[in-house]
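Enquirer: kindly generate the corresponding structure for this input.
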Amino acid sequence: MKYIIVSILLLLSNQALACYAPPITLMQSDDELVKRTPIIVLATVTKQTTNKHNSKFTFRSIKNIKGIAPISFILDGYEPSENNDRQPSDDFKSHTTKPWKEGFTNSVMPGDCEAYGYFEKGKTYLIFVVKPTHVRAYEQILSENDLWLKKVQSLVKIDNAPK
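Expert: Okay, here's the model as predicted:
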């Protein structure tokens, strides 16, 4: 009987840690994401620090898209090797392929109602510095012709236009 009670308590505690009602901000439209984000920056991973439970990635800002990002900042995230379905340098062919359009992104939601990016040292990402996070806040950018980068730049221009 004692083992049954302990087992039930363990099951209940694990369920308490899961995110059963993710905030709508995780999946809101691209234009709403741009409007609510104070800082959007193109940044390169310069350092990774990993411990037993998580990885922290240090970024160097390359280009401010919206707002002014610090020269260097740190984000929690994951290595692509932690997801067997993910290709290490997948940018979804500059964000034009069907999987990207259907919602595949460079992020993961481990259960705490936040999205985290997959990052690699030396790679460049379009980072939305915003809380709560968004599933498209950490996309890898391989060129200035990337469709996601161009769309975000266009949305920022519209958002900043005189009303």
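Enquirer: so His134, which of the three states?
Expert: coil (DSSP: H, G, I helix; E, B strand; the rest coil).
Enquirer: name the SS class of the residue lying closest to it once chain neighbours are set aside, please.
Expert: Leaving out its chain neighbours, the residue that sits closest to His134 by Cβ to Cβ, 6 or more residues apart in numbering is Leu33, at 5.2 Å. For glycine as for every other residue, the C-beta is placed from the backbone atoms N, C-alpha and C. Leu33 falls in the helix class when you classify it by three-state DSSP.
Enquirer: residues contacting Leu33?
Expert: Leu33 makes contacts with Phe128, Val130, His134, Arg136, Ala137, as judged by Cβ atoms under 8 Å, 6 or more residues apart in numbering.
Enquirer: how near is it to Lys121?
Expert: Separation of Leu33 from Lys121 (Cβ to Cβ, to the nearest Å): 26 Å.
Enquirer: could you do Lys157 as well?
Expert: Taken as Cβ to Cβ, the span from Lys157 to Lys121 is 32 Å.
Enquirer: over to Asp30?
Expert: In terms of Cβ to Cβ, Asp30 sits 28 Å off from Lys121.
Enquirer: so Ser107 sits against Tyr116, correct?
Expert: Yes: the pair Ser107 and Tyr116 passes the contact test of Cβ atoms under 8 Å, sitting 6.2 Å apart.
Enquirer: got any residues that touch both of the two?
Expert: Thr133, Tyr138.
Enquirer: spatially nearest residue to Arg136 (excluding sequence neighbours)?
Expert: Nearest to Arg136 is Thr105, by Cβ to Cβ, 6+ apart, at 5.3 Å.
Enquirer: ok, and the closest non-adjacent residue to Thr133?
Expert: Distance criterion Cβ to Cβ, 6+ apart; nearest residue to Thr133, sequence neighbours excluded, is Ala115 at 4.3 Å.
Enquirer: need the contact list for the one you found.
Expert: Leu26, Thr105, Ser107, Val108, Met109, Thr133, His134, Val135, Ala137, Tyr138.
Enquirer: Val41 belongs to a strand, doesn't it?
Expert: Yes: using three-state DSSP, the secondary structure at Val41 is a strand.
Enquirer: counting neighbours, which of the contacts of Leu33 comes out on top?
Expert: Neighbour counts for the contacts of Leu33, by other Cβ atoms under 10 Å, peak at Ala137, which reaches 25 neighbours.
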